[in-house]
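Student: This is a predicted model, with the sequence first.
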Amino acid sequence: MTDPAGSKVLVALRIKAAPLRVFEVFTADIGAWWRPNALFSFTPRSPGVLAFEGAGEGARLVERLPTGKVFEIGPVHIWDPGRLLVFGWRQASFAPGMDTQVEVRFDPVGDETRVTVEHCGWDTVPIEHVARHRFPDAVFLQRHAEWWRALLTSLASRAAMDVQDHAREGDA
């Protein structure tokens, strides 16, 4: 996938938990921490609940809609717990070849994890496409980055809750 430097989103956030724990929360609890955004919905019937079906390469990220239908957002390309997760990302309105990709890195930094999200492939989605809302590249990528930052903040909150719950269980 070719992706000029100006057609990707790159955001990072430190989370107070170990990389493996953050990876587990990212994948197993995505339905709990994910916050839909009306600008970037996957289908006209969104929002639904996100989930990774399966684990490992060959798993897939899906959105389960209130109607009971399941929309595949993308397949998992790399599943390396505590280190790296790479999956496809598409909206229902994407034509063939308009797939984007999300790479999530989980890097230890002391007793925290730096989670880095790189969402690339936006050069395959024309500016006129409904998914881009006719925003110029810089505006579209900035809005998408703001959403990813909000999602990582929600992930951090969920991971912090899980760390506190595990600490309490250890005290019992």
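Tutor: That came in fine, so what should we check first? Predicted, not measured: the structure shown is a model, and the values here were computed from it. Numbering: from 1, shown residues only.
Student: CA only for contacts and neighbour counts going forward, please
Tutor: Noted.
Student: For this protein, give the helix that spans the most residues.
Tutor: helix 137-171 (DSSP state H).
Student: May I see the buried residues of that one?
Tutor: Using 16 or more other CA atoms under 10 Å as the test for burial, helix 137-171 gives 137, 140-141, 143-145, 147-149, 151-156, 158-160, 162-163.
Student: what sits against residue 140?
Tutor: By CA atoms under 8 Å, 6 or more residues apart in numbering, the contact set of residue 140 is 132-133.
Student: could you redo the last one with a cut-off of 10 Å?
Tutor: 7, 9, 122, 127, 131-134, 146 (CA atoms under 10 Å, 6 or more residues apart in numbering).
Student: Can you flag which of these belong to helices?
Tutor: residue 146.
Student: right, and out of the contacts of residue 140, which lies closest to residue 78?
Tutor: residue 9 (19.0 Å; CA to CA).
Student: Which residue lies nearest the spatial centre of the chain?
Tutor: residue 102 (6.7 Å; CA atoms, centre = their mean).
Student: My reading is that that one lies in a helix. Confirm?
Tutor: No - counting by DSSP: H, G, I helix; E, B strand; the rest coil, residue 102 falls outside a helix, being strand.
Student: mind checking how far the spatially closest residue to it that is not a sequence neighbour is from residue 141?
Tutor: Excluding its sequence neighbours, the residue lying closest to residue 102 (CA to CA, 6 or more residues apart in numbering) is residue 119, at 4.4 Å. Separation of residue 119 from residue 141 (CA to CA, to the nearest Å): 10 Å.
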